[in-house]
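A.B. asks: one predicted model, sequence on top.
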Amino acid sequence: RWLFDQAVCTLYAFCGVLFGLCSLASLTVLSTVCCLKVCYPAYGRCWDSFSRSHAAGLLLGVWAYALAFAAAPLAQWGSYGPEPYGTACCITWEASSREATLYILALFVFCYLLPCLLILVSYALILWTVRVSGRAVRQH
């Protein structure tokens, strides 16, 4: 069973959600930047000298995005609580209200489905570009 009080449970779940969302959002940004650099070199020319300010802006965006969704249950949009087995805490997946259902749906769409689709499309475009470039090189 969970050995601590509700405040520690909420903090534990918040940190788990925040760092998990940061991880997936970072992978999404990384795949998108790689796609822009490989598939659209003319567009990516402005990023030829990828500076610290570019990296800082992207990291700030990733953390803000993750923080917005992780902090939502703290603002009563969704909730954190013990997992069904009671040994850890996470998002309360059994929605008790319409707002909780909307939070879970928004989390699924914007923090799982959309990032996964962006990653898949980015790497598919990279593979396609490499394949087309290989054909062009062989023809010359």
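C.D. replies: Thanks, I have the structure now. Numbers count the residues shown, from 1 in each chain.
A.B. asks: so for the longest helix seen in the chain, what gets flagged as buried?
C.D. replies: In the chain, assigned by DSSP state H, the helix with the most residues is helix 6-39. Across helix 6-39, burial judged by 16 or more other C-beta atoms under 10 Å covers 9-10, 12-14, 16-18, 21-22, 24-29, 31-33, 35-39. Bear in mind the C-beta positions are built from the backbone N, C-alpha and C, glycine included.
A.B. asks: ok, the residue sitting nearest the centre point of the chain - contacts?
C.D. replies: Centroid-nearest residue in the chain: residue 25, 2.6 Å away (criterion: C-alpha atoms, centre = their mean). Residues near residue 25 by C-beta atoms under 8 Å, 6 or more residues apart in numbering: 62, 65, 66, 111, 115.
A.B. asks: in the protein, what residue spans correspond to strands?
C.D. replies: Counting by DSSP state E, the chain has these strands, from start to end: 80-82, 89-91.
A.B. asks: list the buried ones in the last one?
C.D. replies: By neighbour count, with 16+ other C-beta under 10 Å as the criterion, the buried positions of strand 89-91 are 89, 90, 91.
A.B. asks: contacts for stretch 26-40, please.
C.D. replies: 43-44, 47, 58-59, 61-62, 115, 118-119, 121-123, 125-126, 128-130.
A.B. asks: can you pull the alpha-carbon coordinates of it into CSV?
C.D. replies: The C-alpha coordinates for stretch 26-40 follow below in CSV (Å, rounded to 0.1, in the frame of the first residue of the first chain):
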residue,chain,number,x,y,z
SER,A,26,11.9,16.1,-26.1
LEU,A,27,11.9,13.1,-28.5
THR,A,28,9.2,14.7,-30.6
VAL,A,29,11.1,18.0,-30.9
LEU,A,30,14.4,16.1,-31.7
SER,A,31,12.7,14.1,-34.4
THR,A,32,11.1,17.2,-35.9
VAL,A,33,14.3,19.1,-35.9
CYS,A,34,16.1,16.2,-37.5
CYS,A,35,13.4,16.0,-40.2
LEU,A,36,13.7,19.7,-41.0
LYS,A,37,17.5,19.5,-41.2
VAL,A,38,17.4,16.3,-43.5
CYS,A,39,14.3,16.7,-45.5
TYR,A,40,14.1,20.5,-46.0
